[in-house]
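[1] curious how this folds, go ahead:
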Amino acid sequence: MEKIETARLCLTLASDEEMERIIAAEADTEMKKAYGEMLHGAREHPEIREPYAMWLMKLKYKSFRVISGSPAFT
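    I've put the predicted structure just below:
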């Protein structure tokens, strides 16, 4: 499962590259560490990546817009 869609929302499993960008942009050291552990788990267990990786939430309007506090996706 890499994508979950409803009429107004799309949840997409983040790629390693997307997760790396979020980690690089994160200023909080504890969050950076937590995100790094998530990325490590996703890489170590690709067959069950979903519980480890980040999920990107996008609203469906005229175009997709990522909702996130990370500057990498605003």
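[2] contacts and neighbour counts: CA atoms only from here.
    OK.
[3] ok, Ile4 - how many residues close by?
    12 (other C-alpha atoms under 10 Å).
[4] wasn't it part of a strand?
    Yes - under DSSP: H, G, I helix; E, B strand; the rest coil, Ile4 falls within a strand.
[5] so it is in contact with Trp55, correct?
    No - look at Ile4 against Trp55 with C-alpha atoms under 8 Å: they stay out of range, at 9.9 Å.
[6] mutual contacts of these two, please.
    Counting by C-alpha atoms under 8 Å, 6 or more residues apart in numbering, the shared contacts of Ile4 and Trp55 are 11-12.
[7] which one is the residue most central in space within the chain nearest to, not counting chain neighbours?
    Geometric centre of the chain, nearest residue: Met54, 3.3 Å, by C-alpha atoms, centre = their mean. Excluding the flanking residues, the one nearest Met54 by C-alpha to C-alpha, 6 or more residues apart in numbering is Ala14, at 5.4 Å.
[8] what's the burial count for the one you found?
    20.
[9] offset the numbering so it begins at 48, please.
    From this message on, residue numbering opens at 48, which makes the last subject Ala61.
[10] and it, backbone torsions?
    Dihedral pair for Ala61: phi -70, psi 140, per degrees, to the nearest 10.
[11] contact partners for it?
    Ala61 neighbours (C-alpha under 8 Å, 6+ apart): 100-103.
[12] likewise for Tyr99?
    Going by C-alpha under 8 Å, 6+ apart, Tyr99 touches 85-86, 88-89.
[13] most neighbours among those residues, which one is it?
    Leu86 (23 neighbours).
[14] for it, helix, strand, or coil?
    helix.
[15] pretty sure it is touching Arg68, no?
    No - assessed by C-alpha under 8 Å, Leu86 is found out of contact with Arg68, at 11.2 Å.
[16] ok so, going back, who wins on neighbours among the contacts of Ala61?
    Per-residue neighbour counts (other C-alpha under 10 Å) across the contacts of Ala61 peak at Ala100, which has 23 neighbours.
[17] on the three-state scheme, it is what?
    coil.
[18] mind checking how far it is from Lys80?
    Ala100 is 14 Å from Lys80, where distance means C-alpha to C-alpha, to the nearest Å.
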